[in-house]
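Chemist: I need the structure of the sequence given here:
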Amino acid sequence: MTQAYLLWAALVALAALAGLGAAWWGRGRFVHGRRAMLAVGVFLAVGLAGGYLAHGPVAELLAGRRLAAATHRADEIFHTDGLLRAFAQAEPERAAALHARLALALAAATDAEAAPVEERLRAQALREALAAAFARLPNASDEAAARLAQALLNALTALQSTDALLCLGLLHPSSQTDTALTDNALARLEGSTRKDLENALALTLASSVIRPHAAPPPVKTDAALADMFAENLTDFQQTYGKPKAVAALFEALAEPDKSRAVPPEVLCAFAQDLLRALLRMPPAERGPGLRRLLGAG
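Modeler: Residues are numbered from 1 along each chain as shown. Now for the predicted structure:
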């Protein structure tokens with residue numbers, strides 16, 4: 001908007017100077033007296049008209065073209081990116097809001113700013129996809145649950161070696177108080193660790209829509225989970241303390257408000273051990289167990 005006003009002012013000033021020059025030069029050759037002032041007025045009128053066109057209809061036309069081009073680019077990104085495509089299938093309203101923000105941001109960005117704008121959108125989409133995948137996991141496929149559990153395990157392992165506090169961002173992606181932690185945690189993930197998580201999230205979201213599974217039967221699945229806990233309880237207690245301490249860790253994983261009472265490195269390590277135990281469950285019980293436990297929140 002400021003640039004448009006400056007352009008308008010520059011055109012008017014240029015027209016005024018041109019009119020004064022023509023009037024001065026014309027006193028001895030083409031125009032005399034009042035006609036000299038008429039030349040100034042004509043040039044000023046032309047300058048005002050040019051400024052109006054640059055600021056009004058022409059500016060609107062150019063802005064419309066930029067928005068159309070930006071919308072087309074946003075369409076391409078959402079069509080070619082597997083995670084964004086799956087997110088749009090599973091969460092159309094949230095994806096549409098992201099798409100609209102991306103198009104507007106690209107329309108306002110310079111060529112040099114376009115790539116950073118796209119990267120910020122992808123980062124935001126990854127955070128929203130992580131929260132959506134946890135919520136939709138009960139109806140995702142068993143394979144998707146296993147892939148997501150393994151990807152989370154790899155991501156937690158990578159984060160613990162740098163900053164265990166960031167593990168809370170992956171464990172509680174829907175928590176409003178941990179939004180910054182989730183963003184920072186995802187930003188730290190690199191290479192195959194990040195790509196595997198993106199692929200697992202895309203599979204979870206897509207399978208929950210394309211061929212949705214019924215949520216695991218609580219009684220049967222909870223019995224299988226109870227057996228798994230019983231088998232690993234001794235190891236958990238040897239590592240993390242008495243049954244009360246282990247129970248507190250389970251509560252911290254399930255409830256974000258209680259996670260602050262546990263040292264982040266302890267909670268991150270416990271989450272990894274729990275995921276390993278879940279992945280060791282018998283094949284027939286592993287998928288429903290993972291979907292039941294990880295998707296409980």
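Chemist: grab the nearest non-local neighbour of the spatially most central residue of the chain.
Modeler: Centroid-nearest residue in the chain: residue 124, 1.4 Å away (criterion: C-alpha atoms, centre = their mean). Nearest residue to residue 124, sequence neighbours excluded (C-beta to C-beta, 6 or more residues apart in numbering): residue 98, at 6.7 Å. Any C-beta I mention is one placed from the backbone N, CA and C, and that applies to glycine too.
Chemist: correct me if wrong: that neighbour contacts residue 128.
Modeler: Yes. Residue 98 is in contact with residue 128 according to C-beta atoms under 8 Å; the separation is 7.2 Å.
Chemist: what is in contact with these two at once?
Modeler: Jointly contacting residue 98 and residue 128 under the rule C-beta atoms under 8 Å, 6 or more residues apart in numbering are residue 87.
Chemist: just the element for the closest residue to residue 249 other than its chain neighbours, please.
Modeler: Leaving aside its chain neighbours, residue 249 sits nearest to residue 270 (4.6 Å; criterion: C-beta to C-beta, 6+ apart). Using DSSP states H and E, residue 270 sits in helix 264-279.
Chemist: any idea how far that helix is from the middle of the chain?
Modeler: Put simply, helix 264-279 sits 26 Å off its chain's centre (C-alpha atoms, centre = their mean, to the nearest Å).
Chemist: buried set for it?
Modeler: Going by neighbour count (16 or more other C-beta atoms under 10 Å), the buried part of helix 264-279 is 264, 266-275, 277-278.
Chemist: what is it packed up against?
Modeler: Judged by 3 or more C-beta pairs under 8 Å, 6 or more residues apart in numbering; DSSP states H and E, the packing partners of helix 264-279 are helix 142-160, helix 167-171, helix 218-240, helix 243-254, helix 283-294.
Chemist: in the third one, what counts as buried?
Modeler: In other words, helix 218-240. Judged by neighbour count using 16+ other C-beta under 10 Å, the buried positions of helix 218-240 are 221, 224-225, 228, 232, 236, 240.
Chemist: what do you get for the shortest one?
Modeler: Of the residues in helix 167-171, those scored as buried under the neighbour-count criterion (16+ other C-beta under 10 Å) are 167-171.
Chemist: who touches stretch 87-94?
Modeler: Under C-beta under 8 Å, 6+ apart, the answer for stretch 87-94 is 78, 95-96, 98-99, 125, 128-129, 132, 136, 202, 205-206, 208-210.
Chemist: kindly give a single ChimeraX line that selects the buried subset of those.
Modeler: Per 16+ other C-beta under 10 Å, the buried members of the contacts of stretch 87-94 correspond to this ChimeraX selection:
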select :78,95,98,99,125,128,129,132,136,202,205,206,208
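Chemist: out of the contacts of stretch 87-94, which is nearest to residue 295?
Modeler: Nearest to residue 295 out of those is residue 136 (C-beta to C-beta; 7.6 Å).
Chemist: so that closest one: helix, strand or coil?
Modeler: Three-state call for residue 136 (DSSP: H, G, I helix; E, B strand; the rest coil): helix.
Chemist: what sits against residue 240?
Modeler: Contacts for residue 240 (C-beta under 8 Å, 6+ apart) come out as 246, 249, 266, 270.
Chemist: recalculate using a threshold of 7 Å.
Modeler: Counting by C-beta atoms under 7 Å, 6 or more residues apart in numbering, residue 240 makes contact with 246, 249, 270.
Chemist: show the model's pLDDT score for it.
Modeler: Looking at residue 240, its pLDDT reads 93.
Chemist: and the residue nearest to residue 124, how far from residue 239?
Modeler: 41 Å (C-beta to C-beta, to the nearest Å).
Chemist: now residue 192
Modeler: Using C-beta to C-beta, residue 192 is found at 28 Å from residue 239.
Chemist: cool, residue 113 as well?
Modeler: Using C-beta to C-beta, one gets 49 Å for the distance from residue 113 to residue 239.
Chemist: and what of residue 102?
Modeler: 45 Å.
Chemist: likewise for residue 204?
Modeler: 29 Å.
Chemist: got it, and residue 276?
Modeler: For residue 276, the distance to residue 239 (C-beta to C-beta) stands at 12 Å.
Chemist: show the contacting residues for the closest residue to residue 180 other than its chain neighbours.
Modeler: Once flanking residues are discounted, residue 180 sits nearest to residue 169: 7.8 Å by C-beta to C-beta, 6+ apart. Applying C-beta under 7 Å, 6+ apart, we find residue 169 in contact with 178, 181-182, 184-185.
Chemist: which members of those are classed as buried?
Modeler: Buried among these by 16+ other C-beta under 10 Å: 178, 181-182, 185.
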